[in-house]
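# Just a sequence and a predicted model for now, questions to come.
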Amino acid sequence: SDHIHYQDHQLHIESLPLSIIADRIGTPFYCYSEAKFLQNIYRCQAAFQRFDIAIYYAVKANSNLSILRLVQQAGLGVDLVSGGEMLRAHAAGIAPERMIFSGVGKTRQELCAAIESAVGQINVESQEELVLLASLSEQFTRPVSVALRVNPAVSVDTHRHITTGSKGNKFGLSMEQVVPLYQRYADHPYLNIAGLAMHIGSQICTVEPYTNAIHKLLELVTVIEADGHTVEVLDLGGGFGIDYGDEQSLDFEVIAQTIASSVAGFEGRVCVEPGRSLVGDAGVLVSEISYVKAADPCPFMILDAAMNDLMRPALYQADHPIVPLQTNLSDSVRRYDVVGPVCESTDTFARDYPMDAELVAGDRVAFLCTGAYCAVMSSAYNSRSIIPEVLVSGSEIRLIRKAVTPSMLLEYESQTDALD
Ligand code: LLP
């Protein structure tokens with residue numbers, strides 16, 4: 001991308017060489033470009049707002065408080081999946097009416113918190129949850145606006161671990177369950193079933209799954225409305241794919257156009273919940289080479305970053321482009337097995353990976369497109385640090401999350417009082 005680019009053989013983020021940040025705070029670390037993130041937001045807004053489609057950023061993709069403050073300033077709503085994310089959204093100053101609370105297993109506590117803070121929409125995923133929510137709304141005597149999440153049972157061509165709208169997975173209500181629930185709660189004093197929601201998967205690079213699923217949703221709308229109810233909102237979820245180096249992605253303009261023409265004729269509000277496509281390509285993970293270990297057929301590049309810092313390759317066989325921070329003038333291609341130091345064979349980022357330069361211990365590399373579902377999925381496995389996050393704007397560097405160190409974690413284990 002233009003905000004993450006080479007200049008004088010040095011990989012820059014905005015106007016800063018990444019090696020300068022590495023010198024300042026050490027490796028590994030995540031680094032985001034504010035300008036790139038805002039550019040993605042503006043492009044998304046330009047595409048969707050033309051059709052009056054509202055955007056709710058899926059916080060799970062990257063929930064750093066400073067990222068959420070930018071989301072708030074840009075005027076987006078948010079899609080939340082836990083009380084913890086709700087806490088963050090409140091802390092970022094996002095108005096509760098611009099919050100959607102999704103998730104298949106919201107606890108009673110989380111539902112209470114959502115009702116008390118007047119979250120704008122709760123996406124309900126089961127009849128059981130709806131029963132609980134109705135009774136809580138009576139207890140609180142507070143209005144609650146609900147969208148029923150439907151599983152449209154469409155097939156989606158993405159990694160099977162990140163499909164969510166196919167038959168047999170845990171998400172949403174079946175098509176048959178929806179109309180009876182509408183009927184059952186039509187006259188409820190506090191619960192307003194405002195509409196339907198879907199989210200069919202993630203990293204989707206074609207429009208067909210969306211057109212198919214929307215078609216199914218609209219069939220339901222017809223039945224519901226024929227029954228005398230109104231459908232005020234259709235929440236179409238996220239899932240728009242980005243280019244991880246394979247040149248596959250789903251352009252905002254294309255998907256916005258597609259959605260707009262698919263829902264033509266629907267009278268209510270329409271919204272989407274993109275996460276990855278807003279923040280994914282705005283981030284990099286910077287790591288230093290600890291060793292280049294000779295091996296056959298190709299050497300191991302052993303990094304100081306590991307699967308606990310970046311889970312996606314181990315979990316989904318995901319590919320992230322890996323590039324050196326500094327490129328030599330020698331342009332001979334070398335191949336490496338790129339691995340981390342964690343004691344697991346799956347701590348492997350790439351095999352037989354071509355690099356434009358011959359690299360040695362002490363050189364640094366960057367994993368590109370690691371702004372979404374990377375820092376948020378990190379763990380302290382092997383008693384490693386949760387690594388820091390940095391936000392760059394122009395030539396300004398801000399540490400937006402300090403490292404959570406092994407000694408900090410150890411402190412939580414040093415008091416072992418019996419519970420009484
Ligand atoms: N809305 C709902 C209800 C969701 O479950 C998700 C993502 C989104 C919106 C945002 O989807 P996006 O636009 O970011 O694709 N950890 C996986 C991705 C899991 C996505 C889960 N749901 C990965 O690293 O690929």
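Perfect, thanks for sending it.

# so where is the stretch 151-300 of the chain shaky, pLDDT-wise?
Applying pLDDT under 70 to the stretch 151-300 of the chain picks out residues 159-168.

# which residues of it fall in helices?
Along the stretch 151-300 of the chain, the segments classed as helices by DSSP state H, counting those that start in this stretch run 175-184, 208-226, 252-262, 276-279.

# Please name the residues that touch the residue in the stretch 101-250 of the chain that the ligand sits nearest to.
Of all residues in the stretch 101-250 of the chain, G238 sits closest to the ligand, at 2.6 Å by CB to the nearest ligand atom. (C-beta placed from N, C-alpha, C; glycine too.) Residues in contact with G238 (CB atoms under 8 Å, 6 or more residues apart in numbering) are A58, D79, H199, S202, V272, E273, P274, G275, R276, S277.

# The fourth one: neighbouring residues, count only.
Residues within reach of S202, counting by other CB atoms under 10 Å, total 26.

# one step back: so which of the contacts of G238 is the most crowded?
Within these, D79 tops the neighbour count with 31 neighbours, counted by other CB under 10 Å.

# is it true that A134 touches D187?
No. If you go by CB atoms under 8 Å, A134 and D187 don't touch, sitting 11.6 Å apart.

# Looking at these two, which one has more neighbours?
A134 (18 against 7).

# per-residue confidence for that one?
A134 is assigned 98 on the pLDDT scale.

# got the contact list for it?
By CB under 8 Å, 6+ apart, A134 lies in contact with Y185, H188, Y190, L191.

# other SSEs contacting the longest strand seen in the chain?
As assigned by DSSP state E, the longest strand anywhere in the chain is strand 283-293. Contacts defined by 3 or more CB pairs under 8 Å, 6 or more residues apart in numbering; DSSP states H and E place strand 283-293 against helix 18-25, strand 29-33, strand 300-303, strand 364-367.

# In stretch 25-32, which residues are buried?
I25, T27, P28, F29, Y30, C31, Y32 (16 or more other CB atoms under 10 Å).

# Apart from its neighbours in sequence, what residue is nearest the fourth one?
I take that to be F29. Nearest non-adjacent residue to F29, counting by CB to CB, 6 or more residues apart in numbering: P388, 4.8 Å away.

# isn't that neighbour right next to R401, touching?
Yes. Counting by CB under 8 Å, R401 is a contact partner of P388 at 5.8 Å.

# before we move on, back to that, and the buried residues of stretch 25-32, which two are furthest apart?
Longest distance between any two of the buried residues of stretch 25-32 is 15.9 Å, between T27 and Y32; criterion CB to CB.

# domain ranges for this protein?
The chain breaks down into these domains under automatic domain parsing: 4-32+280-412, 34-278.

# So, low pLDDT: which residues of the stretch 301-420 of the chain?
Scanning the stretch 301-420 of the chain for pLDDT under 70 picks out 329-331.

# switch the cut-off to 50
Low-confidence segments of the stretch 301-420 of the chain, defined by pLDDT under 50, are absent.

# how about the helices in it?
Per DSSP H, counting those that start in this stretch, the stretch 301-420 of the chain carries helices over the ranges 312-316, 406-414.

# and K170, what does it touch?
Listed by CB under 8 Å, 6+ apart, the contact partners of K170 are V104.

# now swap in G283 and tell me
G283 makes contact with Y30, C31, Y32, S33, N62, C369, T370, G371, A372, C374, A375 under the criterion CB under 8 Å, 6+ apart.

# can we see that at 6 Å?
Neighbouring residues of G283 by CB atoms under 6 Å, 6 or more residues apart in numbering: Y30, Y32, T370, G371.

# now those residues as a markdown table including distance to S379?
What follows is those, written out as a markdown table (distance: CB to CB, whole Å):
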| residue | distance to S379 |
| --- | --- |
| Y30 | 14 |
| Y32 | 20 |
| T370 | 16 |
| G371 | 18 |
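
# hmm, which two among the residues you listed are most spread apart?
The distance between the two most remote of these (CB to CB) is 9.4 Å, for Y32 and T370.

# out of the helices and strands packed on strand 283-293, deepest packed?
strand 29-33 (a mean of 27; mean count of other CB atoms under 10 Å).

# tell me which strands and helices that one is in contact with?
strand 283-293, strand 389-393 (3 or more CB pairs under 6 Å, 6 or more residues apart in numbering; DSSP states H and E).

# How far does stretch 190-205 stretch from one end to the other?
40 Å (CA to CA, to the nearest Å).

# scratch that, stretch 223-242 is what I was asking about
35 Å.

# if I look at the residue positioned nearest the centre of the chain, how far off is G201?
Centroid-nearest residue in the chain, with CA atoms, centre = their mean: A61, separated by 2.0 Å. Per CB to CB, to the nearest Å, A61 is found 14 Å from G201.

# hmm, which of the contacts of A134 are the buried ones?
The neighbour-count test (16+ other CB under 10 Å) marks Y185, H188, Y190, L191 as buried among these.

# Enumerate the residues of the chain near the ligand.
Selection of the chain residues close to the ligand by CB under 6 Å from any ligand atom yields 58, 61, 79, 102, 162, 164, 199, 202-203, 237-240, 273-277, 312, 316, 373.

# got a pLDDT number for the closest residue to G83 other than its chain neighbours?
In space, and not counting its chain neighbours, G83 is closest to E110: 4.4 Å by CB to CB, 6+ apart. Looking at E110, its pLDDT reads 98.

# try the one 10 residues further on
Note on G120: pLDDT of 98.

# That one contacts A95, doesn't it?
No. G120 lies out of contact with A95 (CB atoms under 6 Å); the separation is 8.2 Å.

# Looking at the two now, which is surrounded by more residues?
Taking other CB under 10 Å, G120 and A95 do not tie; G120 has more neighbours (17 against 14).

# nearest residue to the more buried one other than its sequence neighbours?
Ranked by CB to CB, 6+ apart and with sequence neighbours excluded, the top spatial neighbour of G120 is E97, at 4.1 Å.

# I figured that neighbour hits Q121, correct?
No. The pair E97 / Q121 is not scored as a contact, 8.7 Å apart, by CB under 6 Å.

# Looking only at neighbour counts, state which of those two leads.
Taking neighbours as other CB under 10 Å, E97 and Q121 compare with Q121 leading, 26 against 11.

# Now do the same contact list for that one.
I100, S145, A147.

# between those, which has the most around it?
Counting neighbours by other CB under 10 Å, I100 leads the contacts of Q121 with 26 neighbours.
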